[in-house]
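*Asks:* Okay, structure incoming, though there's no sequence with it:
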């Protein structure tokens with residue numbers, strides 16, 4: 001097991017992009033398309049929540065309108081946290097684009113890590129757009145800046161399912177559990 005520059009342990013059983021290139025084929029383009037789909041889903045959710053807050057604001061004499069202050073960040077973080085922290089480990093856009101997020105460290109993708117990934121992702125997008133995509137061009141596993149910071153990896157789901165299914169049933173700790 002090696003260590004990366006952040007001092008956290010990195011799994012030694014991560015897929016190798018040279019021996020398993022199908023896992024990384026088109027991941028950057030798929031991530032961009034998944035992001036566009038997720039923006040559409042979140043925008044629709046924000047519009048619906050805005051209408052609900054507007055009605056509640058009238059009913060509560062304006063008190064509910066204070067919810068507008070946190071509406072957009074709450075919907076974004078909530079959406080990514082609920083979807084990435086689920087057993088599927090993918091947003092709706094990621095599922096449509098056949099990609100899945102998995103941790104690179106010996107920790108499950110849940111709880112604080114599922115919350116931290118979108119927050120660090122949005123911070124890096126805010127400060128480094130479009131340069132965060134450039135990092136993916138220079139990393140062997142096509143990881144973006146926030147993937148490297150948080151310790152996650154995006155791979156194609158369908159080839160990973162085939163790899164996982166080809167492993168023996170006694171394999172105790174697959175690097176990503178896609179049975180769900």
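*Replies:* Perfect, I can see it now. Being a predicted model, the structure only gives us computed values, none of them experimental. Numbering: from 1, shown residues only.
*Asks:* Compute the number of surrounding residues for residue 77.
*Replies:* 16 (other Cβ atoms under 10 Å). C-beta: built from backbone N, CA, C; applies to glycine.
*Asks:* and the lengthiest helix in the chain, what other elements does it pack with?
*Replies:* In the chain, assigned by DSSP state H, the helix with the most residues is helix 27-59. Counting contacts by 3 or more Cβ pairs under 8 Å, 6 or more residues apart in numbering; DSSP states H and E, helix 27-59 is packed against helix 68-84, helix 92-96, strand 99-103, helix 131-138, strand 152-156.
*Asks:* ok, now with 6 Å
*Replies:* helix 68-84, helix 92-96 (3 or more Cβ pairs under 6 Å, 6 or more residues apart in numbering; DSSP states H and E).
*Asks:* now it and strand 152-156, what's the angle there?
*Replies:* 110 degrees (axes from the mean of the first three to the mean of the last three Cα atoms, to 10 degrees).
*Asks:* returning to what we had before: kindly report which one of the helices and strands packed on helix 27-59 carries the lowest mean pLDDT.
*Replies:* Lowest mean pLDDT within the helices and strands packed on helix 27-59: helix 68-84, at a mean of 92.
*Asks:* ok, so what distance separates residue 76 from residue 160?
*Replies:* 27 Å (Cβ to Cβ, to the nearest Å).
*Asks:* Please say which of these two ends up with more neighbours.
*Replies:* For residue 76 versus residue 160, neighbours defined as other Cβ under 10 Å are more numerous around residue 160 (22 against 19).
*Asks:* Just want the phi and psi numbers for the more buried one.
*Replies:* Dihedral pair for residue 160: phi -70, psi -40, per degrees, to the nearest 10.
*Asks:* Next, work out how far apart it and residue 140 are.
*Replies:* Residue 160 is 17 Å from residue 140, by Cβ to Cβ.
*Asks:* now swap in residue 66 and tell me
*Replies:* Taking Cβ to Cβ, one finds residue 66 at 47 Å from residue 140.
*Asks:* which of those two has more neighbours?
*Replies:* residue 66 (12 against 9).
*Asks:* Quick one: classify the more buried one as helix, strand or coil.
*Replies:* What DSSP: H, G, I helix; E, B strand; the rest coil gives for residue 66 is helix.
*Asks:* roughly how far apart are it and residue 53?
*Replies:* For residue 66, the distance to residue 53 - Cβ to Cβ - is 9 Å.
*Asks:* Also residue 129?
*Replies:* Taken as Cβ to Cβ, the span from residue 129 to residue 53 is 29 Å.
*Asks:* same thing with residue 31?
*Replies:* On the measure of Cβ to Cβ, residue 31 and residue 53 end up 31 Å apart.
*Asks:* Number of residues surrounding the closest residue to residue 63 other than its chain neighbours?
*Replies:* Among residues not flanking residue 63 along the chain, residue 57 sits closest, at 7.3 Å (Cβ to Cβ, 6 or more residues apart in numbering). Using other Cβ under 10 Å, residue 57 is surrounded by 16 other residues.
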